[in-house]
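Visitor: how does the following fold in three dimensions:
(one chain, ligands or ions: 2)
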Amino acid sequence: MKATLVIENIKNLLTIRGKNRPRKGTQQGEAGLIENGIVAVNDDKIIYIGKGALPDGIEIDETTIVVNAEGKTVTPGLIDPHTHLVHGGSREHELPMKLAGKGYLEILAGGGGIHSTARATEKASFEDLYKKAEKSLNTMMSYGVTTVEAKSGYGIGSFETELKQIEVANKLNRDHPLDIISTFMGAHAVPEEYKGNSDLFVDKLIKEQIPYIAEKNLAKFCDVFCEEGVFSVDQSRRILNAAKINGLIPKVHADEIVSLGGAELAAEIGCISAEHLIGASNQGIEDMAEKGTIAVLLPGTSFNLQKGTLARARKMIEKNVAVAISTDYNPGSCPSENLQLMMTLASLTLKMQPEEVIVGVTINAAAALGIEDKVGSLEVGKKADIAIFDAPNLDYMIYHFGINHTDTVIKNGKIVYTRQGR
Ligand code: IZC
Ligand code: ZN
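Guide: Ligands and ions are numbered 1, 2, ... in the order given. As a prediction, the model looks like this:
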């Protein structure tokens, strides 16, 4: 078979090969390293992966693109499974308040936070939102990311704004080289007019909005901000059950700030993943392990909230919960698109070993999005989504932090990003 693209002389090739399923326990640390590796691609698929030179039967000709990865590290394209990609405005005005001791939930309760982004998102035109999100996607791509999840949730009290956000994400999925997977998060904050009467808003979500999103096939997942003063565990249960009935796959922002029993709820509902989990209880972790709920941890958010609280990644790995890592890119609690930085934070603050981290941003992140059979590892037949980093090994990439190590990004077998001056 003819190769359209070959990456050769790869010092450290992290394949993450193995079964297409989330890695738990000791398997979380199995990154499938091949030294002096080579990868061949035909069109958008991987046709060979191994050591040294190409075998007979894989042909190259003058049209084949050959990339020399001498001294570099190659991984599957990174996957960011939790972002609030599409939004208007920014919230740097919260920084001085935060430094003066005002908490995230306090700012939200005062009509700021998510509400302030909702106002900016409502005002922004489709084109404005598209351009801003496109810029963020380009930044993510430059950090080696090839697939991104994008949540709605800034149309608080305006379903029209929710639809605008989702349509921007879905149009970017069609137009931009990266894959963008949409999540409906209508339950992100309680609209002003429903304050004190939030059950009525939950009714509206269940009876009108979720069925509409599902029927028009606008999103794959449905998420809820289950948090003190936002949506209670009971309300989240109702919303996520409605999502399931309508064919949307449930996810939940669980135990991010206050320990409410969100992890237990995620397991009870059969959510594909539970996100944040900073305050997840022992029981919640056990329940998630039993049900196979993936933990999506967001160490950049813990860093940015500066509360000194962290998700218990080691406990989760020990208990056989598959752990994924994400940016949580959003204008409030984590205004950063840099997944490489989150990899370092996962390692240094959550005490995850580099192999556990790379699994967390590849196959486990893919599994949190239900796409582990197509991406998240480098195997014959899988999509040729590949990142080349200018780092001699994985440990170096995580240890030398705060810079961008990306050399080249390949999406669907095509080079979509090359570092300037390479
Ligand atoms: O805009 O603050 N946690 N939702 C739940 C967010 C963070 C996004 C935001
Ligand atoms: Zn989030």
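Visitor: use CA for all of it now, contacts and neighbours both
Guide: Fine.
Visitor: got the residues of the stretch 1-150 of the chain near ligand 1?
Guide: With CA under 6 Å from any ligand atom as the criterion, the stretch 1-150 of the chain meets ligand 1 at residues 113-114.
Visitor: excluding its backbone neighbours, what's nearest whichever residue of the stretch 1-150 of the chain sits closest to ligand 1?
Guide: Per CA to the nearest ligand atom, Ile114 is where the stretch 1-150 of the chain lies closest to ligand 1, at 4.4 Å. Leaving aside its sequence neighbours, Ile114 sits nearest to Leu108 (CA to CA, 6 or more residues apart in numbering; 6.4 Å).
Visitor: what does the stretch 201-350 of the chain put close to ligand 1?
Guide: 330-333.
Visitor: just say helix, strand or coil for the closest residue to ligand 1 within the stretch 151-300 of the chain.
Guide: Nearest residue of the stretch 151-300 of the chain to ligand 1, counting by CA to the nearest ligand atom: Phe225, 6.0 Å away. For Phe225, the assignment made with DSSP: H, G, I helix; E, B strand; the rest coil gives strand.
Visitor: number of nearby residues for it?
Guide: 25 (other CA atoms under 10 Å).
Visitor: and it, what does it touch?
Guide: Taking CA atoms under 8 Å, 6 or more residues apart in numbering as the criterion, Phe225 is in contact with 187-189, 231, 236, 252-254.
Visitor: how near is it to Phe201?
Guide: According to CA to CA, to the nearest Å, Phe225 and Phe201 sit 14 Å apart.
Visitor: does Cys226 touch His253 like I think?
Guide: Yes. Using CA atoms under 8 Å, Cys226 is in contact with His253, at 5.8 Å.
Visitor: which residues do those two both contact?
Guide: Counting by CA under 8 Å, 6+ apart, the residues touching both Cys226 and His253 are Gly262.
Visitor: please say which of the two ends up with more neighbours.
Guide: Remark: of Cys226 and His253, Cys226 carries more neighbours, 28 against 23, as counted by other CA under 10 Å.
Visitor: any idea what that one is bridged to?
Guide: Beta-bridge pairing for Cys226 (DSSP bridges): Phe231, Ala254.
Visitor: check it and give its pLDDT.
Guide: In this model, Cys226 is scored at 97, pLDDT.
Visitor: and what of the one 4 residues further on?
Guide: Val230 is assigned a pLDDT of 95 by the prediction.
Visitor: distance of the residue in the stretch 301-422 of the chain that ligand 1 sits nearest to from Ala169?
Guide: Ligand 1 sits closest to Gly332 of the stretch 301-422 of the chain, with a gap of 4.1 Å, by CA to the nearest ligand atom. Counting by CA to CA, the gap from Gly332 to Ala169 is 19 Å.
Visitor: do Val190 as well
Guide: In terms of CA to CA, Val190 sits 23 Å off from Ala169.
Visitor: these two: who's more crowded?
Guide: Higher neighbour count among Val190 and Ala169: Ala169, with 30 against 23, using other CA under 10 Å.
Visitor: right, and the more buried one touches Val86 too?
Guide: Yes. The pair formed by Ala169 and Val86 meets the contact definition of CA under 8 Å, at 6.8 Å.
Visitor: pLDDT below threshold where in the protein?
Guide: 422 (pLDDT under 70).
Visitor: sorry, back to before: for Ala169 and Val86, list the residues in contact with both.
Guide: 130, 150.
Visitor: many thanks, have a good one.
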